[in-house]
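Enquirer: 3D model of this:
(one chain, ligands or ions: 1)
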Amino acid sequence: MSGAELAEETRTLVAAGLARLADAPSSAEVRSIESELLGKRSRLTEMKAGMRDLDAEDRRVLGAALNQARTELEAAAAERLDHLAARERRAVLAAERLDLTEYQGRASTGHRHLVTQTWERLEDVFVGMGFTVATGPEVETDWFNFEALNLPPSHPARSLWDTLYLDTTDLDGVGDQQLLLRTHTSPVQVRTMLRAVREGSGPPIYVVCPGRAYRQDTADATHLPVFHQIEMLVIDRGITMGDLSGTIETFTKAYFGQELTSRLRPSYFPFTEPSAEVDISQPDGSWLEVGGCGMVHPNVLRAGGLDPEEWSGFAFGFGIERLTMIRHHVTDIRDFITNDMRFLEQF
Ligand code: FA5
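Expert: Now for the predicted structure:
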């Protein structure tokens, strides 16, 4: 074959190669076409090797054609690789794209968080039952959180609450008071008694105290390190355990409806005697613990400035998140704090 004929063949090979490269669906395919066309065993390499048998003029014509073929095919392969890389990048970006317009045009007023809604509903239910609402600080003294609740410093039951203590060494004016983040809303019991005595407004005392509590608990399906409780305190003359269980059952029906019921399981809290754990029935027949309760211990009445011979009372402390979980069939308490709109919008 003459140099001109061979050069013609290179142009046919290049045209076919360019068409295949333009359609190659992936970068792997581009590389395989490239090696098929330009590699050691390709027709173009074979032609190059055969050049030594040609005369000078044919060799020049074929040499130029082979150079041209290699340049064109390599450029086309590089261009196709660039194109595919850009397309893959676009696909990744499209897959990771967040559609922020999803929330455009919707009512943007928002609404109260489900736990806040429960907090407010609970206040409504208890106010409807004749209670007033009291509050206390989230940063507490060791005395209110523990000692006044019949838990002196060395009491082993302190380990029931994994407490977050505050380092007060650099806080002028605090003195040697040990400050902590309250582990429950029970310190409000003693604060309320002392205030009632100081102001001459009671007893009788019928209050509920909702608020935040803190523990070194690791988050799991039923625990958070920061959560909410609602405390109830009743102090009057001749209060019995029957009043306590009756109040809890009245509350259960008022808050959850007639079909749910409560039960008390004997338990231990240093600030109540006797003490019980409160469970509420679930629609599937199981029971979920929502809090603790009991008759106010005489030492707690004394810390609150009241005479245990004259006054008696009961108290309970419920987890607000747990009550919310039962009422709204939430199975993982962590859903309350992850701020996933798909969860929040349901309530
Ligand atoms: C108390 O905190 C007692 N102060 C309750 C009490 C009050 C007893 C008055 C007697 C008289 P306890 O540690 O069991 O008890 O917590 C009460 C409820 O708070 C639990 O049943 C649960 O509903 C809720 N709770 C406790 N820890 C967590 C937590 N880490 N995350 C979410 N809820 C919690």
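Enquirer: How about the residues of this structure by the ligand?
Expert: By Cβ under 6 Å from any ligand atom, the residues of the chain that approach the ligand are 184, 186, 215, 217, 223-224, 227, 229, 231, 269, 272, 275, 289-294, 315-317, 319, 321-322. Glycine gets a C-beta too; all of them are placed from N, C-alpha and C.
Enquirer: of those, buried ones?
Expert: Buried residues within the residues of the chain next to the ligand, defined by neighbour count using 16 or more other Cβ atoms under 10 Å: 184, 186, 215, 224, 227, 229, 231, 269, 272, 275, 290-294, 315-317, 319, 321-322.
Enquirer: List the ones among the residues you listed that fall in helices.
Expert: Those of these mapping onto helices are 321, 322, per DSSP state H.
Enquirer: can you tell me which of the buried ones among the residues of the chain next to the ligand are in strands?
Expert: Among those, DSSP state E puts 227, 229, 231, 269, 272, 275, 290-294, 315-317, 319 in strands.
Enquirer: now, among those residues, which is nearest to residue 93?
Expert: residue 227 (39.7 Å; Cβ to Cβ).
Enquirer: what's the pLDDT at that closest one?
Expert: Confidence at residue 227, expressed as pLDDT, is 97.
Enquirer: Residues in a beta bridge with it, which ones?
Expert: Beta-bridge partners for residue 227, by DSSP bridges, are residue 213.
Enquirer: give me every residue that touches it.
Expert: Counting by Cβ atoms under 8 Å, 6 or more residues apart in numbering, residue 227 touches 212, 213, 215, 319, 320, 321, 333.
Enquirer: which one of the residues you listed sits closest to residue 98?
Expert: Minimum distance to residue 98 across the contacts of residue 227 is 26.6 Å, recorded for residue 333 (Cβ to Cβ).
Enquirer: I figured the closest one was touching residue 225, is that so?
Expert: No: using Cβ atoms under 8 Å, residue 333 makes no contact with residue 225, being 11.1 Å away.
Enquirer: quick revisit: can you redo the contacts of residue 227 as a markdown table with pLDDT?
Expert: Converted to a markdown table, the contacts of residue 227 look like this (pLDDT from 0 to 100):
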| residue | pLDDT |
| --- | --- |
| 212 | 97 |
| 213 | 97 |
| 215 | 96 |
| 319 | 96 |
| 320 | 96 |
| 321 | 96 |
| 333 | 96 |
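Enquirer: can I get these in TSV with distance to residue 126?
Expert: Below are these laid out as TSV (distance: Cβ to Cβ, whole Å):
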residue	distance to residue 126
212	18
213	18
215	24
319	16
320	12
321	18
333	23
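Enquirer: And residue 45, how far from residue 76?
Expert: 18 Å (Cβ to Cβ, to the nearest Å).
Enquirer: wait, what's in contact with the residue of the chain found nearest the ligand?
Expert: Closest contact between the chain and the ligand, by Cβ to the nearest ligand atom, is at residue 319 (2.3 Å). The contact partners of residue 319, by Cβ under 8 Å, 6+ apart, come to 227, 228, 229, 290, 291.
Enquirer: Show me which of those is closest to residue 201.
Expert: Taking Cβ to Cβ as the measure, residue 201 lies nearest residue 229 of the contacts of residue 319, at 23.8 Å.
Enquirer: Am I right that that closest one is in contact with residue 316?
Expert: No: under the criterion of Cβ under 8 Å, residue 229 makes no contact with residue 316, lying 9.7 Å away.
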